[in-house]
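Next input, structure requested:
(chains A, B, C, D, E, F, G, H, I and J)
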Number of protein chains: 10
Amino acid sequence: MGAPTLETFPSPRPEREYVVETRFTEFTSVCPVTGLPDFGEIRVTYVPADSCIELKSLKYYLIEFRNRGIFYEHVTNQILDDLVAACRPRRMTVIGDFSVRGGLKTTVTATYDRDPSPQGR
Amino acid sequence: MGAPTLETFPSPRPEREYVVETRFTEFTSVCPVTGLPDFGEIRVTYVPADSCIELKSLKYYLIEFRNRGIFYEHVTNQILDDLVAACRPRRMTVIGDFSVRGGLKTTVTATYDRDPSPQGR
Amino acid sequence: MGAPTLETFPSPRPEREYVVETRFTEFTSVCPVTGLPDFGEIRVTYVPADSCIELKSLKYYLIEFRNRGIFYEHVTNQILDDLVAACRPRRMTVIGDFSVRGGLKTTVTATYDRDPSPQGR
Amino acid sequence: MGAPTLETFPSPRPEREYVVETRFTEFTSVCPVTGLPDFGEIRVTYVPADSCIELKSLKYYLIEFRNRGIFYEHVTNQILDDLVAACRPRRMTVIGDFSVRGGLKTTVTATYDRDPSPQGR
Amino acid sequence: MGAPTLETFPSPRPEREYVVETRFTEFTSVCPVTGLPDFGEIRVTYVPADSCIELKSLKYYLIEFRNRGIFYEHVTNQILDDLVAACRPRRMTVIGDFSVRGGLKTTVTATYDRDPSPQGR
Amino acid sequence: MGAPTLETFPSPRPEREYVVETRFTEFTSVCPVTGLPDFGEIRVTYVPADSCIELKSLKYYLIEFRNRGIFYEHVTNQILDDLVAACRPRRMTVIGDFSVRGGLKTTVTATYDRDPSPQGR
Amino acid sequence: MGAPTLETFPSPRPEREYVVETRFTEFTSVCPVTGLPDFGEIRVTYVPADSCIELKSLKYYLIEFRNRGIFYEHVTNQILDDLVAACRPRRMTVIGDFSVRGGLKTTVTATYDRDPSPQGR
Amino acid sequence: MGAPTLETFPSPRPEREYVVETRFTEFTSVCPVTGLPDFGEIRVTYVPADSCIELKSLKYYLIEFRNRGIFYEHVTNQILDDLVAACRPRRMTVIGDFSVRGGLKTTVTATYDRDPSPQGR
Amino acid sequence: MGAPTLETFPSPRPEREYVVETRFTEFTSVCPVTGLPDFGEIRVTYVPADSCIELKSLKYYLIEFRNRGIFYEHVTNQILDDLVAACRPRRMTVIGDFSVRGGLKTTVTATYDRDPSPQGR
Amino acid sequence: MGAPTLETFPSPRPEREYVVETRFTEFTSVCPVTGLPDFGEIRVTYVPADSCIELKSLKYYLIEFRNRGIFYEHVTNQILDDLVAACRPRRMTVIGDFSVRGGLKTTVTATYDRDPSPQGR
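The predicted model follows:
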């Protein structure tokens, strides 16, 4: 897909494990089955390593889903993969919180950890 | 019971432990003692293994309780058993959050874990 | 006291550790010092072993406090003891959340555990 | 200070570790610098050992701060010390939650533990 | 920068690990790219060692950002560094919770610990 | 339709124009097009003349819509007509407040007035 | 009924049409059919003529309904009649706002006007 | 514009002045200046004459704005004109309630009246 | 009473009927019967004629009630009389909204009109 | 003052009396007495005649108050005068809703009417 480039800038305190959370309340894509629009909120929470995500490029990246047909579970995992590739964080969680469809309200949560703890789970 | 088949589709990231939560705010069944309708919200939270639950079939499955006589404690455990059988998740929690009856508001929470931790509890 | 019998029924999944929470928002008793009515909410949360509490008998049990003179700390502990005796749960918590008196709002929380963890606390 | 005596009564279940929380929403004292009134809420949470705090005497104790000049950090620690001395609890937390002054809203939380865990923190 | 001096006063209970939280709901700075004003809330939570931060000087320190051009990630880390230098706390967290820009709402959380636990993370 | 009889009882103050409002939060019917269940809240507000509606019979009357296929605009007007016929009030308003369907939330309000004001509107 | 006397005191500004509103959030009576307790809030709003209702006597008057069997429509009209008889106001409205019973929430509003406007309605 | 046809159906009570209100919470269009998406809620309230608006066709009509460049003031007036043309109501109000842009939140309200009152305003 | 002088300043638009509303959320006085503190909020709404009330002097005026014994109905009417005497407004309303006492929450509303409409009421 | 020009554009329906409401939640100016910043929300509601206010120029106009020393009553009336001069509306209301200062929260409401009704008030 020819999505806009996600830009980054150097973390102002690369040695510190601080947390950045950004919520995009105006996410919309298209249901691949019905062709009707879906709506939701995307929440990105991460601990930067060397780079932070530039917010304006994040916005343009998320707007690009506006006319794509894609399922909830795919959207959330895809955004996580793209953001991890762009800024190489210590840890990141992406939450897709989608609006009601047919009485069902669905949220998908996917997490990346550069250094997973040895004991799993 | 001749409930509709719960359908599934392959997880887009079967190797990742992500979480899907779905709330159905329009659950209704019938009290087996009085014959009067009960109302509530069903919340399903799970970590898929290889399969995700297809949401439309989940809705039709839950609508099927509309005219069945069944107690709160049974409803919640039954839904957990049926969903676990359908999608074989890593972990799943089902919460039945029922509306007020005689001044009492009741919630039932049941959990399944494919790989329970050894120390119990 | 000649309170109504608390009735129980067999747990539909005695082998599973699921949780039942019931809130009674219309609790009232009498202050033993002033003789004036007290109001509050009683919340019961428990993990059944073999038996569940039948909700209608729970309601009648709680209504019975309407004209009894009793302190907040006693009410909450007494309800815990009576419910544990009736249904022999794995674990149970009773919370008495009482309304404002003289600018003070008070909550009492008491817990029972059939198998307390060895290290205490 | 000639504050009213904090009274206590025997715990109805001295062997049980239950929790009592009391909120006093009408706390007021005086700023020692400006002489202007301060307002806030005091929340006391404790696990009784042998004694419970009698609520009416607690109210009179807290009202006594009405015309005293005292800082936020002092108020909260002083109330903790006085209440611990009066009822000798297993554990107690006092929170002073003060109203906005100059755009700043401040909360102070102080905790007492009769049997602190060996590893600290 | 010629910011006002952050003043401190001795902790009333230097031996006790109590918590002070202060929220400043009227923070504003300037976006270094567009020159437009940014708004947000700064929350400071800390466990004092020997000194507490004097609140009026904290307010004047935070007001000083009003006409400075600075990014969200820098603001939060800078405030943490300045406050740690001023009062040498046991632990401190600074949260910058900024208002919506282009549909994105961003929060930055940075933490200092005088005695970090050995196992990291 | 063989709906249960709506029962009434004599107004305790037939000469006074007082108002009774009753909300039924658990209304459900069936969409005549899709066969899927609809949910909503019915609010009845009226000024009795000689008779008041008996609440238990009102509940049974409203439950009877559970398996009927009927549109929102019809439901609300039908309930108004049936209640007016049953209790002959001075004035009555029925509001049907239905849950979200396809992103649309709909409310229908119908009013009866025994003595409409001469100037219309 | 041998209810406590409603006491009054002279209005501090008998010539001014000011409004007094009092809400009693802890009203309870008994359903005359089932014998089960009812709960609700009573709101009294009035414009005094020469007398104001003394609040403590109002509280004792309302507590007296605790063990009386009486319907919602009667309760509200009875309280209006008793309060009008006691303080002879210019105008008064009594609202009985009762808690949910069988999914139905009911409010009754009754009004008295010493000098009703000539055109009615 | 080739928008989908707005469909109607006969009012079930054409002689009665009842009110239908429908909210569409997922409206989106495009800013004609920046090309960026706008979001908002459209609320339609009307008194039918002979026809009601069919809700599914209303949804498809509103979805059609998804990729059109149009200003807030135009959107709201255009929807009013189109809906009035489709169902010829007695009265109708359309409210466009748009999300925050640059710190500004804007709402536009336009009204149609088939029989405006003679005195204007 | 030796209350602080209420100060005023000239209205910036004496010919315009604009409205000023000020809420003081930290009002406290003393109950003349029990000697216990009362708390509440005072809301002042007025249309200035030639003068506006200076806010700092209003605050000091209201703080002065802190240790006075006075009833709710008197407080509200007294504040109205004092403010009208100080700034001679076109119209003014004072609302005293007092906190819960014995389950009763009371609000008093008093209004002044320089040019009352001829038909009264 | 050299404020940015308020720009306008032609109303899309100059013959219709529709309403535009815009809220600016990030208003800040400076107190002319203390030199400290003030914060608040400005709400503009108007019925256009021939012209609408262009929103981006409105934002830049309001930002310009950031470093001006000005009282609440002046701010609100000044904004009303400037906006009326710019777009010559049928009617306009400006509300300045300012944040808490010293426990006092103040709102100023000023209104313009091109064609005031003859009977005044």
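
For the residue of chain A at minimum distance from chain F, grab the count of nearby residues.
At 5.6 Å from chain F, residue A:100 is the closest residue in chain A, using C-beta to the nearest C-beta. Heads up, the C-betas are built off the backbone N, CA and C, glycines and all. Number of residues near residue A:100 (other C-beta atoms under 10 Å in any protein chain shown) recorded here: 20.

Quick check: the residue of chain A found nearest chain G vs residue F:106, distance?
Chain A approaches chain G most closely through residue A:103 (19.0 Å), counting by C-beta to the nearest C-beta. Note on residue A:103: its distance to residue F:106, by C-beta to C-beta, to the nearest Å, is 15 Å.

about what we covered before: Provide the secondary structure category for the closest residue to the residue of chain A closest to chain G other than its chain neighbours.
Of all residues not flanking residue A:103 in the chain, residue B:26 sits nearest, at 4.3 Å (C-beta to C-beta, 6 or more residues apart in numbering or on different chains). Following DSSP: H, G, I helix; E, B strand; the rest coil, the label given to residue B:26 is strand.

show me what contacts residue A:65?
Neighbour list for residue A:65: A:27, A:28, A:29, A:75 [criterion: C-beta atoms under 8 Å, 6 or more residues apart in numbering or on different chains].

now, among the residues you listed, which is nearest to residue H:47?
Within those, the smallest distance to residue H:47 is 32.8 Å, found for residue A:28 (C-beta to C-beta).

Identify the bridge partners of that closest one.
Bridge pairing for residue A:28 (DSSP bridges) gives the partners residue A:39.

Would you indicate which residues of the longest helix that chain A contains are buried?
The longest helix of chain A (DSSP state H) is helix A:72-87. Using 16 or more other C-beta atoms under 10 Å in any protein chain shown as the test for burial, helix A:72-87 gives A:72-80, A:83-84, A:86-87.

If you average the pLDDT over that helix, what comes out?
For helix A:72-87, mean pLDDT is 96.

The following helix or strand past that helix pairs with which strands, parallel or anti?
Per DSSP states H and E, the first helix or strand lying C-terminal to helix A:72-87 is strand A:91-98. According to DSSP bridges, strand A:91-98 has the following sheet partners: strand A:37-47 (antiparallel), strand A:104-113 (antiparallel).

Give the full set of residues in contact with the residue of chain A found nearest chain J.
Proximity of chain A to chain J (C-beta to the nearest C-beta) peaks at residue A:25, 15.2 Å away. For residue A:25, the contacting residues are A:41, E:100, E:103, E:105, H:99, by C-beta under 8 Å, 6+ apart.

Export these as JSON lines, with columns for pLDDT and distance to residue G:19.
As requested, these are exported to JSON lines (pLDDT from 0 to 100; distance: C-beta to C-beta, whole Å):
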{"residue": "A:41", "pLDDT": "97", "distance to residue G:19": "44"}
{"residue": "E:100", "pLDDT": "88", "distance to residue G:19": "40"}
{"residue": "E:103", "pLDDT": "85", "distance to residue G:19": "45"}
{"residue": "E:105", "pLDDT": "95", "distance to residue G:19": "42"}
{"residue": "H:99", "pLDDT": "91", "distance to residue G:19": "39"}
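
so which of the residues you listed comes closest to chain I?
residue E:100 (26.9 Å).

how much space is there between the closest residue to the closest one other than its chain neighbours and chain D?
Leaving aside its chain neighbours, residue E:100 sits nearest to residue H:100 (5.6 Å; criterion: C-beta to C-beta, 6+ apart). For residue H:100, the distance to chain D (C-beta to the nearest C-beta, to the nearest Å) stands at 22 Å.

Was I right to think residue H:100 contacts residue E:102?
No. Taking contacts as C-beta atoms under 8 Å, residue H:100 lies outside contact range of residue E:102: 9.7 Å.

Run through chain A and note the low-pLDDT ranges.
In the predicted model, chain A carries pLDDT under 70 at residues A:1-4, A:118-121.

same thing but 90
A:1-5, A:33-34, A:100-103, A:115-121 (pLDDT under 90).

That one against chain E: which residues are in contact?
Residues of chain A lying close to chain E (C-beta under 8 Å from any C-beta of the partner chain) are A:11-13, A:16-26, A:48, A:52, A:55-56, A:58-59, A:117.

Let's see that with 6 Å instead.
Residues of chain A lying near chain E by C-beta under 6 Å from any C-beta of the partner chain: A:12-13, A:18-26, A:52, A:55, A:59.

from those, which is closest to residue G:92?
When those are compared against residue G:92 (criterion: C-beta to C-beta), the nearest one is residue A:25, at 47.4 Å.

Can you tell me how far the residue nearest to residue E:100 is from residue I:38?
From residue H:100 over to residue I:38 (counting by C-beta to C-beta), the distance is 41 Å.

before we move on, what about residue A:65?
From residue A:65 over to residue I:38 the distance is 57 Å, taken as C-beta to C-beta.

buried stuff in stretch A:107-121?
In stretch A:107-121, counting by 16+ other C-beta under 10 Å, buried: A:107, A:108, A:109, A:110, A:111, A:112.

Please identify which pair of these lies farthest apart.
Spatial extent of the buried residues of stretch A:107-121 (C-beta to C-beta) is set by the pair A:107 and A:112 at 17.6 Å.

what sits against the closest residue to residue A:70 other than its chain neighbours?
Leaving out its chain neighbours, the residue that sits closest to residue A:70 by C-beta to C-beta, 6+ apart is residue A:29, at 5.4 Å. Taking C-beta atoms under 6 Å, 6 or more residues apart in numbering or on different chains, we find residue A:29 in contact with A:38, A:65, A:68, A:70.

Please check those and keep the buried ones.
Using 16+ other C-beta under 10 Å as the burial test, the contacts of residue A:29 include A:38, A:65, A:70 as buried.

Neighbours of residue A:104, how many?
Applying other C-beta under 10 Å, we find 19 residues neighbouring residue A:104.

From residue H:11, how far off is it?
Applying C-beta to C-beta, the value for residue A:104 to residue H:11 is 32 Å.

again with residue A:58
49 Å.

Have a look at these two and say which one is more surrounded.
Neighbour count, other C-beta under 10 Å: between residue A:58 and residue H:11, residue A:58 has more, with 25 against 21.

quick one: contacts for the spatially closest residue to residue A:49 that is not a sequence neighbour?
Nearest in space to residue A:49, with sequence neighbours left out and distances taken as C-beta to C-beta, 6+ apart, is residue A:90 at 5.1 Å. By C-beta under 6 Å, 6+ apart, the contact set of residue A:90 is A:47, A:49, A:114.

Identify the residues contacting the last one.
Spelled out, that is residue A:114. Counting by C-beta under 6 Å, 6+ apart, residue A:114 makes contact with residue A:90.

try the second one
By C-beta under 6 Å, 6+ apart, the contact list for residue A:49 reads A:88, A:89, A:90.

And what about it, helix, strand or coil?
Residue A:49 ends up coil, using three-state DSSP.

That one and chain B: what is the separation?
Taking C-beta to the nearest C-beta, one finds residue A:49 at 20 Å from chain B.

can you check the first one too?
From residue A:47 across to chain B, the span is 18 Å (C-beta to the nearest C-beta).

From residue A:110, how far off is the nearest residue to that residue once chain neighbours are set aside?
Distances taken as C-beta to C-beta, 6+ apart place residue A:90 nearest to residue A:47, at 4.2 Å, with adjacent residues excluded. Separation of residue A:90 from residue A:110 (C-beta to C-beta): 16 Å.

do the same with residue A:84
If you go by C-beta to C-beta, the gap between residue A:84 and residue A:110 works out to 10 Å.

TSV please, covering the strands paired with strand A:91-98 and showing distance to residue I:5.
Output for the strands paired with strand A:91-98, formatted as TSV (distance: least, C-beta to C-beta, whole Å):
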stretch	distance to residue I:5
strand A:37-47	54
strand A:104-113	59
